[in-house]
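K.L.:
take this sequence and fold it.
(one chain, ligands or ions: 2)
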Amino acid sequence: MASSFHRQSAANRSATRGSHRVAAIVPLPHHAVVAAVAAAAPSAPAPTPVPASKLIDGKAIADTIRGEIAVEVAAMKQQYNLTPGLAVVLVGARKDSETYVRSKKKACAEVGFDSFGTDLPADVSEEELLKVVEDYNADPRVHGILVQLPLPKHISEKRILDAISIEKDVDGFHPLNIGSLAMRGRHPLFVPCTPKGCIELLERMKVPISGRKACVIGRSNIVGMPVALLLQRRDATVTIVHSKTPDAQRICSEADIVVAACGVAEMVTGDWIKPGAVVIDVGINAKDDPSAKKGYRLVGDVEFEGAAAKASLITPVPGGVGPMTIAMLLQNTLESAQRVAKGESVTH
Ligand SMILES: NC(=O)C1=CN([C@@H]2O[C@H](COP(=O)(O)OP(=O)(O)OC[C@H]3O[C@@H](n4cnc5c(N)ncnc54)[C@H](OP(=O)(O)O)[C@@H]3O)[C@@H](O)[C@H]2O)C=CC1
Ligand SMILES: Nc1nc(=O)c2c([nH]1)NC[C@@H]1CN(c3ccc(C(=O)N[C@@H](CCC(=O)O)C(=O)O)cc3)C=[N+]21
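P.N.:
Ligands and ions are numbered 1, 2, ... in the order given. Here you go, the predicted model:
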């Protein structure tokens, strides 16, 4: 049906120099009108689907990694009688944070980890939160501690994150971890989860990194800067663009690999993408969508359809980097438990 409408309108178009309104003024056969109405409802015509061969299926890759982790956990229980444990601390009742924390706990259960959780009210004092972190630092059942961000305004994020014992900092946010990432010959204890997930996607998709031009859009401590450092460690030539960069679009359009982490919904359009580039979209933004059950849907920092038309490979949102972040959190927690099991001392 849809194709017959397209054929019909194409025929009409030649007589009217491309105006789509022709469909309304030139009588169409009944079946074409039905197709036109279907195509117009509920809003714009559906875009051409992105071929599966272009998609980086982060959810499937994360599922594979979680399967690999579950095997390691079972072996560790056998060999060392030790179960990895992750503690997740949530302050306040932000809906998105609650959702993430729930999925982290579920992911722990699925791979056979113990999970510990502390939910605190939004008005908890900094001292009380510090006490929770210190208790987890001292608890031998806990190999990883994650304090869900953002924290309420009255609490110093820096003070809390600095209090997490470096051997349990599975988020990899400690300055020593980031510092090690920036130095040749050094290896951080934990690589931050989202940046690690981006690299894992490139590696599992066999995307060459060495010698390629990469553009990272964003320079935050938790995504942009560490992802740029990781790409650079793998011998990419990396340019970081940020909110004060003039001509970010032109710079980006020269890159073979683009990592978008600017926190601006659908900012990176097709014009930013060099034909054949690989696009990793870290962004998670809620966009109003009355046709969606929840009234919104998730979109990335990349305008997906336009970028996909240019890219050779692209991550979707949801189902791209997000699930990898959780898989990498599990992997970091497993590594932490393995260090304990093997009695490895922690040095930088
Ligand atoms: N999938 C996942 O697991 C995760 C997803 N996210 C998502 O990733 C995105 C980035 O997160 P995060 O790094 O925490 O965000 P931040 O807001 O901390 O940082 C955004 C960065 O983008 C830069 N930026 C902002 N506007 C522009 C612009 N117009 N042009 C170029 N650069 C710009 C900022 O520049 P400047 O430094 O100059 O201000 C800043 O460096 C968000 O969409 C977030 O929701 C985050 C964590 C995990
Ligand atoms: N200490 C700390 N560490 C974090 O790693 C951390 C944090 N705080 N605060 C918030 C951000 C955000 N983040 C995400 C994790 C998973 C998905 C994810 O799984 N997203 C799914 C969709 C989930 C949905 O449907 O809502 C997807 O993209 O497919 C998204 C975002 C971790 N963060």
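
K.L.:
the strands in the stretch 101-250 of the chain, which residues?
P.N.:
Per DSSP state E, counting those that start in this stretch, the stretch 101-250 of the chain carries strands over the ranges 114-120, 144-147, 213-217, 237-241.

K.L.:
which one of those lies closest to residue 262?
P.N.:
Set against residue 262 and scored by C-beta to C-beta, the strands of the stretch 101-250 of the chain come closest in strand 213-217, at 4.8 Å. Every residue, glycine included, has its C-beta placed from N, CA and C.

K.L.:
let's see the closest one as PDB, backbone CA atoms only.
P.N.:
Extracted in PDB, the C-alpha atoms of strand 213-217 (Å, rounded to 0.1, in the frame of the first residue of the first chain):
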ATOM      1  CA  LYS A 213      40.700  10.600  14.100                       C
ATOM      2  CA  ALA A 214      38.200  10.700  17.000                       C
ATOM      3  CA  CYS A 215      36.100  13.600  18.100                       C
ATOM      4  CA  VAL A 216      34.600  13.500  21.600                       C
ATOM      5  CA  ILE A 217      31.800  16.000  22.200                       C
END
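
K.L.:
average pLDDT across that strand?
P.N.:
Along strand 213-217, the predicted confidence averages to a pLDDT of 99.

K.L.:
looking at the strands of the stretch 101-250 of the chain, which is nearest to ligand 2?
P.N.:
Ranking the strands of the stretch 101-250 of the chain by distance to ligand 2, with C-beta to the nearest ligand atom as the measure, places strand 144-147 first at 5.0 Å.

K.L.:
the closest one near ligand 1 anywhere?
P.N.:
No. Strand 144-147 lies out of reach of ligand 1 by C-beta under 6 Å from any ligand atom, never closer than 12.2 Å.

K.L.:
related to what we said a few turns ago, mind putting the strands of the stretch 101-250 of the chain into JSON lines with distance to residue 53 and mean neighbour count?
P.N.:
What follows is these, written out as JSON lines (distance: least, C-beta to C-beta, whole Å; neighbours: other C-beta atoms under 10 Å):
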{"stretch": "strand 114-120", "distance to residue 53": "37", "mean neighbour count": "16"}
{"stretch": "strand 144-147", "distance to residue 53": "35", "mean neighbour count": "26"}
{"stretch": "strand 213-217", "distance to residue 53": "22", "mean neighbour count": "27"}
{"stretch": "strand 237-241", "distance to residue 53": "27", "mean neighbour count": "19"}
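
K.L.:
would you list the ones you listed in a markdown table and tack on distance to ligand 2?
P.N.:
Rendered in a markdown table, the data for those read as follows (distance: least, C-beta to the nearest ligand atom, whole Å):
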| stretch | distance to ligand 2 |
| --- | --- |
| strand 114-120 | 13 |
| strand 144-147 | 5 |
| strand 213-217 | 17 |
| strand 237-241 | 20 |
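
K.L.:
just put these in JSON lines and tack on distance to residue 66.
P.N.:
Listed next are these as JSON lines, based on distance: least, C-beta to C-beta, whole Å:
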{"stretch": "strand 114-120", "distance to residue 66": "14"}
{"stretch": "strand 144-147", "distance to residue 66": "15"}
{"stretch": "strand 213-217", "distance to residue 66": "27"}
{"stretch": "strand 237-241", "distance to residue 66": "29"}
